Every structure is written in structure tokens, then in C-alpha cells.
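J.: sequence first, then the predicted structure:
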Amino acid sequence: MKTIGIIGGMGPLATVDLYRRIVLRTRAEKDQDHIHVIIDSNTDIPDRTKAIIADGEDPTPELIKSAKRLEQAGADFLIMPCNTAHYFIDRVSGSVHIPFVNMLEETVKSTCDKYGKNTVVGIMATDGTVKSGIYEKYYSKLGIKTIVPDKTQEKIMMFIYEVVKAGKLEQGTDLMFECVEELRQKGANAFLLGCTELSSAQYYYGFEGSFINPMEALTEASIKYAGGEIN
């Protein structure tokens, strides 16, 4: 099977959860049936949202360092458990000679397969992802309508940064579900967990519903690309 290279550290919890999902979702009866995974949890990568909307430090040089390290270490392809970082994916993928499995592309395919093209997707994500319009670009290719929050965008950012990234998971999901309710009232019938911290939150809290989890879409695509079988 092919070796997976994970550009991680954005954040560390999301990196751990992606690796855990790959292990749990791979059909295996013994250690040797699992996929070889190399992880570079590079916490030196600057904040992606600040780079996109607030003239923050460019994360591309550190992303490229990670990509090259993983290629040199023997990865056959790369994945990146950070939605916002995919804004920079073209520059990063151009720095190596191995392919990228694009989490956003896989998420949009998964949405279409599960909910159809007539669904309306409410996007919950960082300010960087929302303001870049990157998910809208991918969804529009399939004709899927998207909606973003207005009054609760600040609350989803608080949940991402002050609850999940800060490791204060005991605070619960109230901030996130206020955003879900706004999006529902605006016409959404499926809800994108468009930040890997939101994906991690679903695993931690176990909430269910019409949620689209990009980390799960990436997990399944990566296992298939590597040549493994999915549980």
C-alpha cells in the first residue's frame, strides 16, 4: 500500500483525530494490515486565517517545509487536515513531486453523494475560510447552494479558538449550535463542519444530525488512495 504523509499541527488535536480515524476506519486484522502513515505535526505553521484576512504571516514557507520533509521521508501522497490551509494548496503542491488528496474536493463529492445536488449547505468555518469563499468555489462546480452565517460567525470563531483549540471542551457546544440554528433559519438543510476543530468536536461530543464532516471524507479518500479497505 502507499504511504500517507500528513501535514499536521493545524491544530495538533485535529492531526491526532485524523490519524485515529484512519486507523479505526481501515479494515485490518493485524498491525501489518494497516497503512504506513508519516506525520509532521508542524506547530510552527502561522495562523492561516490571519494570513488571509489580517495581513498575518504567510504560512506557505512552513507548509512547504512539511511537504518536502514528508516527501523525503517516503510519503507517496500528502493530506492536510486543515480546511483553511487549502487556500494555499496550489503553492504547496507545486513544491513536491507527489500528489495531494484535496480535503475540500473530497468533501464536496461526499456531500453530493449523500445529500444530492439540491441540498443547501450551511458553512461553519473560520473567518479565513468563509471570507476566501474557497468552499463556495468547490460547491458551485457541482451546482450546490451554500449559505454562510452573519450574526453568529463570531460565535463559531469563539468555539473553534476559545473552546476546541484551547482544550476547554468541557464548555460544550452552545456556541456552535447557535450558528447551526441561524443557518437553518436561512434555509440550510445540511451543515458543513468546515474547520477540522469542528470535525474533532463531533468526535469528542458525539453530536449527530445532517453534518458534513470533511475529516471523515478525507479519511475515506486517503484509505482508498493508499490501497486499503474501509471498515
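T.: Arrived safely.
J.: I figured M158 hits L175, correct?
T.: Yes. Using CB atoms under 8 Å, M158 is in contact with L175, at 5.5 Å. All C-beta spots, glycine's among them, are computed from the backbone N, C-alpha and C.
J.: can you map out the strands along this protein?
T.: 4-8, 37-41, 77-79, 120-124, 145-147, 190-193, 211-212 (DSSP state E).
J.: TSV for those, including mean pLDDT and distance to V92?
T.: Shown next, in TSV, are these (pLDDT from 0 to 100; distance: least, CB to CB, whole Å):
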stretch	mean pLDDT	distance to V92
strand 4-8	98	8
strand 37-41	98	12
strand 77-79	98	8
strand 120-124	98	23
strand 145-147	97	25
strand 190-193	98	22
strand 211-212	98	24
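J.: does I35 touch I223 like I think?
T.: Yes. I35 is within contact range of I223, at 6.7 Å (criterion: CB under 8 Å).
J.: tell me what the residue lying closest to P12 once chain neighbours are set aside is bridged to.
T.: Closest residue to P12 apart from its sequence neighbours, by CB to CB, 6 or more residues apart in numbering: S41 at 5.7 Å. Using DSSP bridges, the bridge partners assigned to S41 are G8.
J.: now do the same contact list for S41.
T.: 8-9, 12, 15 (CB atoms under 8 Å, 6 or more residues apart in numbering).
J.: which pair of those residues spans the longest distance?
T.: Greatest spatial distance among the contacts of S41 (CB to CB): G8 and P12, at 7.1 Å.
J.: CSV for the contacts of S41, including distance to D47 and neighbour count?
T.: Formatted as CSV, these follow (distance: CB to CB, whole Å; neighbours: other CB atoms under 10 Å):
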residue, distance to D47, neighbour count
G8, 15, 25
G9, 12, 20
P12, 14, 14
T15, 16, 24
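J.: just name the closest of those to A166, please.
T.: P12 (12.2 Å).
J.: in this model N42 seems to touch that closest one, though I could be wrong.
T.: No. Counting by CB under 8 Å, N42 is not a contact partner of P12; they are 9.9 Å apart.
J.: how much space is there between L218 and F77?
T.: Counting by CB to CB, to the nearest Å, the gap from L218 to F77 is 12 Å.
J.: any residues in contact with both of those two?
T.: Joint contacts of L218 and F77 (CB under 8 Å, 6+ apart) are V101.
J.: who's more crowded, the two?
T.: Set side by side, L218 and F77 show more neighbours around L218, with 28 against 18, by other CB atoms under 10 Å.
J.: need the contact list for that one.
T.: Contacts of L218 (CB under 8 Å, 6+ apart): 18, 79, 81, 101, 103, 106-107.
J.: okay, now the spatially closest residue to it that is not a sequence neighbour: neighbour count?
T.: Leaving aside its chain neighbours, L218 sits nearest to M103 (4.4 Å; criterion: CB to CB, 6+ apart). By other CB under 10 Å, the residues close to M103 number 26.
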